[in-house]
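In: here's a sequence, model it:
(one chain, ligands or ions: 1)
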Amino acid sequence: MLLILAATPLETNLLRQTMTNTEHLSCGSIKIIAGELEGQQVLLCHGGIGQVNMALQLTRILSVHTPLAVFLCGCGGSYPDSGLRVGDLALADVEIFGDLGVVTTDTFIPLSHLNIPQDKQLAPAIKQSIPLDPELCRWAQLSLEEVACGPFVSVNCCSGTPAASLDLQLRTKGICENMEGAAAAQVCSEFNIPLLELRGISNPTGTRDPEQWDVVRGSAAAQSAILKLLQRWPDR
Ligand SMILES: O=C(O)c1cccc(C(=O)CC[C@H]2O[C@@H](n3cnc4c(=O)[nH]cnc43)[C@H](O)[C@@H]2O)c1
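Out: Residues are numbered from 1 along each chain as shown. Okay, the predicted model is just below:
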């Protein structure tokens, strides 16, 4: 069984319409839809917007269910030099906690670069970035015709100005910004479950001009790619 996850129901419309033999389950306060998609047994659910929502809900689900892999999908913002446009598809090879650190007058210091004493016996280590399963990522890249693969950046504070967007791009070399991926990557790594993250571009980062945003188009691109991957998923 595979777990398909998105932040919001808007990002799973197409998948939910395509699902067959559905059954509604609950896991605490989370609603899970169990069913079939492209011949695969799947669970589909929504983690909510933001890293805390996603970490909490995914932890709840993985405490009860053990999927072969988690497919995280949704929309995201493209960084200026990524070459990505609205409707394009992006695949994460690593997830970076983009705003975990300290803003000073002239720079940003990642939390991992501060000399914070750590005792890994007593507390979890600081993680600034989390690589996603390389085998799954490579398989997805080969299975999809047009997809840009690169670092994704998860933020609590989105890049709403050109300066913020450029700064994050330069610091992280990221191609796509979002608000949940790094949290999902950390939870999946804790549970030893491979994560694949695919996002359709809904907007360029650095602007809040509604003319340049299309969440429906971005979300549709990611969902179409998920359906394609399910058709090609090898029986394991
Ligand atoms: O109104 C704004 O300025 C604004 C800025 C960033 C995101 C939003 C959203 O309503 C979408 C949040 C949702 O979509 C993902 N997402 C899409 N584009 C971006 C982005 O440029 N930066 C960060 N997250 C983005 C995100 O994963 C959320 O789930 C509104």
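In: closest approach to the ligand from the protein, which residue is it?
Out: G77 (2.1 Å; Cβ to the nearest ligand atom). In short, each C-beta sits where N, CA and C put it, glycine included.
In: that residue: neighbouring residues, count only.
Out: Neighbours of G77 under the rule other Cβ atoms under 10 Å: 29.
In: can you check the pLDDT for R236?
Out: R236 is assigned 54 on the pLDDT scale.
In: that older thread, what pLDDT does the residue of the chain closest to the ligand get?
Out: 98.
In: list the contacts of it.
Out: C158, S159, S165, C176, E177, N178, I201, S202, N203, P204, T205 (Cβ atoms under 8 Å, 6 or more residues apart in numbering).
In: centre of the chain to the helix or strand hosting it, how far?
Out: Assigned by DSSP states H and E, G77 belongs to strand 69-78. Put simply, strand 69-78 sits 4 Å off its chain's centre (Cα atoms, centre = their mean, to the nearest Å).
In: how about stretch 126-135?
Out: Distance, stretch centre to chain centre, for stretch 126-135: 12 Å (Cα atoms, centre = their mean).
In: how deep is M179 tucked in, by neighbour count?
Out: 23.
In: tell me the pLDDT at it?
Out: According to the prediction, M179 has pLDDT 98.
In: got it, and the one 4 residues further on?
Out: As summarised for this prediction, A183 has a pLDDT of 98.
In: nice, that's everything, thank you.
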